[in-house]
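*Asks:* Please find the sequence and the predicted model below.
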Amino acid sequence: MALRKDERFDPALPLPVKGQDACLPWLWVGTWSMGGEGFGPHDLSLSMRTLEHAFERGIRHFDTAGFYAQGRSEELLSKAFSSVRNEVFLSSKGGLFRKGRRVWHDARPEALFRALEKSLERLGTDYLDLFQLHWPDPSVPLGESIDALKGLKNKGLIRYWGVGNLSSGQVLNYIREGELIPHQVHFNPVHKEGLKILQAGRQGKRCINCVISPFEQGLLVSPSLLEKGLGKKDVRNRNPYFKDARLKKRLSAFFNACLQKEISPVSAVIKWLLNHKEVDVIIPGPRTPTQLIEILDGIRDEREVLSEVGDFL
Ligand SMILES: NC(=O)c1ccc[n+]([C@@H]2O[C@H](COP(=O)([O-])OP(=O)(O)OC[C@H]3O[C@@H](n4cnc5c(N)ncnc54)[C@H](OP(=O)(O)O)[C@@H]3O)[C@@H](O)[C@H]2O)c1
């Protein structure tokens with residue numbers, strides 16, 4: 001069943017797929033956990049089916065990064081969509097890599113160029129719809145990294161350039177008014193500090209505000225993650241919210257309220273996000289078809305959002 005086109009956003013805002021509109025330009029599927037590394041037991045065929053199902057349901061925007069599972073998330077996207085390349089909007093990132101257990105930055109112009117080359121190879125394509133600076137590199141002036149991205153666009157290798165994880169000051173200082181640059185911002189009911197950054201992006205139409213980790217890596221929507229511990233190699237061990245005992249109590253109250261009102265936590269959180277006029281795009285990371293269906297059902301649920309979501313969490 002095709003989804004109706006959502007008119008919530010200014011049609012100038014969403015980034016179009018080459019030569020066509022997407023049905024749900026504000027809902028992108030993130031593929032970090034789909035590569036099969038760092039998120040516990042994993043089934044790649046389920047990830048593949050999730051991508052295929054997303055396409056069937058009208059989703060056309062997919063987000064990845066060379067950093068995710070050492071490139072395996074990109075390879076998965078290539079497998080899923082190489083036959084319909086021009087019908088999907090592929091967004092990837094450079095400037096971050098893992099060596100051993102540590103995460104490193106390298107957003108020098110030549111490193112971004114090399115990262116893009118590798119992403120193109122893994123994605124099996126000769127252009128990217130969107131290529132972003134994953135994180136600002138503390139040892140490279142942000143303006144230098146941004147100029148490098150503009151250069152990649154001028155070369156015709158990418159259709160749009162974007163950024164991720166900038167502070168509000170960096171948004172105001174480095175993104176010009178009216179530029180509408182895609183910016184990936186961490187924001188959700190437990191990570192509300194992202195709002196200031198989204199507001200900076202809105203000031204003078206600087207950014208297309210793309211919300212990442214909307215479910216705080218699953219903590220906000222999976223009661224089972226509260227109960228069962230994480231495996232040793234799970235990247236979520238680095239997330240302080242997973243260790244916050246007071247938050248866990250508040251989350252139990254939130255899950256109970258959702259149960260009583262017969263609304264899914266997924267639906268409550270997505271609606272809470274959509275109630276913020278600063279949010280343009282939401283990028284959740286479902287890794288099974290069931291999780292994706294839960295999101296699509298959640299946004300269709302016309303019932304009033306739990307007004308308490310923000311207070312609970
Ligand atoms: N630019 C950046 O720096 C940056 C940083 C983070 C993320 N991102 C982007 O944002 C995307 C999403 O972020 P995220 O993966 O951190 O997490 P998320 O969407 O906040 O959480 C995803 C996790 O939530 C759990 N979950 C349970 N029910 C779900 C449902 N119905 N739908 C979706 N997830 C459900 C799953 O964990 P279990 O299967 O374990 O239950 C899943 O792995 C990433 O894939 C990536 O594209 C970008």
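*Replies:* Right, received. Where do you want to start?

*Asks:* Show me where the protein has its strands.
*Replies:* 29-30, 61-63, 89-94, 96-99, 102-105, 128-133, 158-164, 181-186, 207-212, 281-283 (DSSP state E).

*Asks:* Of these, give the one that comes closest to the ligand.
*Replies:* Among these, strand 29-30 comes nearest to the ligand, with 2.4 Å by C-beta to the nearest ligand atom. Placement of C-beta: from N, CA and C, glycine included.

*Asks:* Is the ligand within reach of the closest one?
*Replies:* Yes - contact between strand 29-30 and the ligand, assessed by C-beta under 6 Å from any ligand atom, occurs at residue 30.

*Asks:* In its sheet, which strands sit next to that strand, and in what direction?
*Replies:* strand 61-63 (parallel) (DSSP bridges).

*Asks:* can you list contacts of the strand it pairs with?
*Replies:* With contact meaning C-beta atoms under 8 Å, 6 or more residues apart in numbering, strand 61-63 is reached by 15, 17, 22, 25, 27-31, 51, 54, 77, 81, 88-92, 184, 281, 283.

*Asks:* Equivalent analysis for stretch 147-157, please.
*Replies:* 107-109, 112-113, 116, 120, 126-128, 131-133, 158-162.

*Asks:* can you check stretch 64-83 too?
*Replies:* Contacting residues not belonging to stretch 64-83 are listed as 30-32, 34-38, 44, 47-48, 51-52, 55, 62, 87-88, 90-94, 96-98, 103, 115, 118-119, 122-125, 134 [C-beta under 8 Å, 6+ apart].

*Asks:* Buried among these? Need that as a selection in PyMOL.
*Replies:* In PyMOL, a selection of the buried entries from these looks like this (16 or more other C-beta atoms under 10 Å):
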select buried, resi 30+31+32+34+35+36+37+38+47+48+51+55+62+88+90+91+92+93+94+96+97+115+119+122+123+125+134
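
*Asks:* picking that back up, any chance of a markdown table for the strands of the chain, columns distance to residue 143?
*Replies:* Putting the strands of the chain into a markdown table (distance: least, C-beta to C-beta, whole Å) gives the following:
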| stretch | distance to residue 143 |
| --- | --- |
| strand 29-30 | 28 |
| strand 61-63 | 25 |
| strand 89-94 | 17 |
| strand 96-99 | 19 |
| strand 102-105 | 16 |
| strand 128-133 | 11 |
| strand 158-164 | 12 |
| strand 181-186 | 13 |
| strand 207-212 | 16 |
| strand 281-283 | 25 |
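
*Asks:* Convert the longest helix seen in the chain to CSV, retaining C-alpha atoms only.
*Replies:* The single longest helix within the chain, with elements called by DSSP state H, is helix 245-261. Taking Å, rounded to 0.1, in the frame of the first residue of the first chain, the C-alpha atoms of helix 245-261 are listed here in CSV:
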residue,chain,number,x,y,z
ALA,A,245,19.3,4.1,37.4
ARG,A,246,17.0,7.1,37.9
LEU,A,247,16.2,7.3,34.2
LYS,A,248,15.4,3.6,34.2
LYS,A,249,12.7,4.2,36.9
ARG,A,250,11.2,7.0,34.8
LEU,A,251,11.2,4.8,31.8
SER,A,252,9.3,2.0,33.7
ALA,A,253,6.6,4.6,34.5
PHE,A,254,6.6,5.7,30.8
PHE,A,255,6.2,2.1,29.6
ASN,A,256,3.3,1.6,32.1
ALA,A,257,1.6,4.7,31.0
CYS,A,258,1.9,3.6,27.4
LEU,A,259,0.4,0.2,28.3
GLN,A,260,-2.5,1.7,30.1
LYS,A,261,-3.3,4.1,27.2
